[in-house]
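>>> generate coordinates for the sequence data below:
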Amino acid sequence: MSELIERACGKGHVLSGDVLVTEVVYDVEVWQDYIGSGHLKGHGTAPSTRTVKCTLSALSIPLPLRDTLTLVMSDKRKLNFYNSGDDNVTVMGAIYD
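Purely as a prediction, here's the structure:
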């Protein structure tokens, strides 16, 4: 079972190190996964892992393949990722300040 716990959408920019690559429109979702947990007094679920998904659009140039890039969101939080091809973005870790 999974639950959407955060969604951030807006306009941001992509950096390679400190160099601006392009402006983007982003949609970032944070999903909390749960696993079943059984114990003597009943059954339930327990949080397990979190998954971050990211979609980028309105790119003015294609993103370089396999380079570590940083999305800087409108609230100044950041998310590291790389372009894995075919318009797919692979997230590397969690959102950070």
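>>> tell me where the longest strand sits in this protein.
strand 19-39 (DSSP state E).
>>> mind listing what's buried in it?
V21, T22, V24, Y26, V28, V30 (16 or more other C-beta atoms under 10 Å). Where you see a C-beta, it was placed from the backbone N, CA and C, and this is true even at glycine.
>>> quick one: low-confidence parts of the protein?
Counting by pLDDT under 70, the ranges of the chain that qualify are 38-43.
>>> just the strands in it please.
With DSSP E as the criterion, the chain has strands spanning 2-16, 19-39, 42-57, 69-72, 78-85, 88-91.
>>> strands paired with the second one, and their directions?
The sheet places strand 19-39 alongside strand 2-16 (antiparallel), strand 42-57 (antiparallel), with pairing taken from DSSP bridges.
>>> was I right to think S48 contacts W31?
No - the criterion here is C-beta atoms under 8 Å, and S48 misses it with W31 at 11.0 Å.
>>> just give me the closest of the buried residues of strand 19-39 to S2.
V30 (10.5 Å; C-beta to C-beta).
>>> ok, now which ones touch the closest one?
L4, I5, E6, R7, R50, T51, V52, A94, I95 (C-beta atoms under 8 Å, 6 or more residues apart in numbering).
>>> most neighbours, which of those residues?
The residue in the contacts of V30 with the most neighbours, by other C-beta atoms under 10 Å, is I95 (19 neighbours).
>>> got a list of what that one touches?
Counting by C-beta under 8 Å, 6+ apart, I95 touches E6, A8, V28, V30, V52, M73, R77, K78, L79.
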